[in-house]
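Peer 1: Got a sequence here, can you model it:
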Amino acid sequence: MSFPVYRRRVLVLAAVLGSALLLYWTVLAQLVHDWATDDNYSHGFLIVPVALYFAYERRRRLESAARRPTALGFVVIAGSIGLLVAGTLGAELFLARLSIVGVVLVAVLLVCGWEHARILVFPISFRLLMIPIPAIVFNQIAFPLQLLASRFGEATLQMARIPVLREGNVIILANTTLEVAEACSGIRSLISLLTLGIVLGYFSDSRTWARVAIALATIPVAIVANGLRVAGTGIAAHEFGPEAATGFFHTFSGWLVFAVSFFLLFAIQRGLLAIAPGAGLRVGATS
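Peer 2: As a prediction, the model looks like this:
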């Protein structure tokens, strides 16, 4: 590659990223603020570094790929700016944040072309996990999870021969009443565990179906683990009093449940490898 061509590409990339930073400064600042203050999305700080590593792993494929910059990148620019404007005017942060991913795609298309975009489709798409889902969707997911956790906890307490009555998301014991609030629905661990499952599948198996299976397994694992947390809190409250359902035990149980969830996810990954050995551990970037 001649120096003028290389310099032109660097200038185009710098212009796109510089313009994006100016356009998205407020959106990015609010996004980082949400990562820092909302425990449901604290994993957002890890998404960009991990995505950059995924892209770095593909450096040899990117070097050998033909560079054919395409003007269609300007179409993607128009779409991304449209989402930004619509999200800003409509006070819908999700749309504005979603357009950030489009800007990254724009930079790749304008500088390198479609072949590079195809190679980087996973690292670019992975960035979607850093964007908090809209509140209306969040609530539609959280409420059914609350009911599942409540029912699971009730069934487990009954199997433990502990008198229990459930009314919706409220579990009534002989000496106290427990409410499975939104924060206890398990959606927090589900979002984080889904991210972890995608990363685990990526690094542990080169087969697409196995990666998808590991990612999907995070859903039942998170539900079961959170149900066990609710049941464990009920058992502790029954045996040691209402204080056992709050404070340190409640916080510690959250970390413990996440650790158990990861162990179950890892066990599922090893089980898949044992059932279908095939192409197990990855060697280099294959997707």
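
Peer 1: pull the helix or strand with minimum mean pLDDT from the chain.
Peer 2: Counting by mean pLDDT, DSSP states H and E, the chain has its least confident helix or strand at helix 73-89, which shows a mean of 63.

Peer 1: Now the element after it, going C-ward?
Peer 2: Heading C-terminal from helix 73-89, the first helix or strand you meet, by DSSP states H and E, is helix 93-111.

Peer 1: Following the chain onward from that following helix, which element is next?
Peer 2: Using DSSP H and E, the first helix or strand after helix 93-111 is helix 114-119.

Peer 1: Strands of this structure, start to end?
Peer 2: Along the chain, the segments classed as strands by DSSP state E run 165-167, 170-172, 177-179.

Peer 1: From Thr218, how far out is Trp35?
Peer 2: 20 Å (CB to CB, to the nearest Å). (C-beta placed from N, C-alpha, C; glycine too.)

Peer 1: Tell me how many other residues surround the closest residue to Phe126 other than its chain neighbours.
Peer 2: In space, Phe126 comes closest to Ala51 once its chain neighbours are excluded; the distance is 4.7 Å by CB to CB, 6 or more residues apart in numbering. Other residues near Ala51 number 21, with proximity taken as other CB atoms under 10 Å.

Peer 1: Quick check, Ser125 in contact with Val101.
Peer 2: Yes: between Ser125 and Val101 there is a contact under CB atoms under 8 Å: 7.5 Å.

Peer 1: more neighbours, the two?
Peer 2: Remark: of Ser125 and Val101, Val101 carries more neighbours, 18 against 14, as counted by other CB under 10 Å.

Peer 1: Go ahead and confirm that one touches Phe126.
Peer 2: No: with contact defined as CB under 8 Å, Val101 does not count as touching Phe126 (9.5 Å).

Peer 1: ok, and for stretch 264-279, which residues are buried?
Peer 2: Using 16 or more other CB atoms under 10 Å as the test for burial, stretch 264-279 gives Leu264, Leu265, Ile268, Gln269, Leu272, Leu273.

Peer 1: Touching it from outside, list them.
Peer 2: 193, 196-197, 200-201, 204-207, 210, 213-214, 217-218, 221, 224-225, 280 (CB atoms under 8 Å, 6 or more residues apart in numbering).

Peer 1: Show me these that map onto helices.
Peer 2: Of the positions in the contacts of stretch 264-279, 193, 196-197, 200-201, 204, 210, 213-214, 217-218, 221, 224-225 sit in helices, assigned by DSSP state H.

Peer 1: so where's the stretch 1-150 of the chain uncertain?
Peer 2: Applying pLDDT under 70 to the stretch 1-150 of the chain flags residues 1-10, 12-17, 20, 71-92.

Peer 1: how does the protein divide into domains?
Peer 2: Domain assignment of the chain by automatic domain parsing yields the ranges 3-132, 138-275.

Peer 1: Tell me which of the ones you listed sits most buried.
Peer 2: A comparison of the domains of the chain by mean neighbour count, using mean count of other CB atoms under 10 Å, puts domain 138-275 on top with a mean of 18.

Peer 1: quick one: Trp35 from Val106, how far?
Peer 2: From Trp35 to Val106 the distance is 24 Å (CB to CB).

Peer 1: give me phi/psi at Pro69?
Peer 2: Dihedral angles of Pro69 (phi, psi; degrees, to the nearest 10) stand at phi -50, psi 140.
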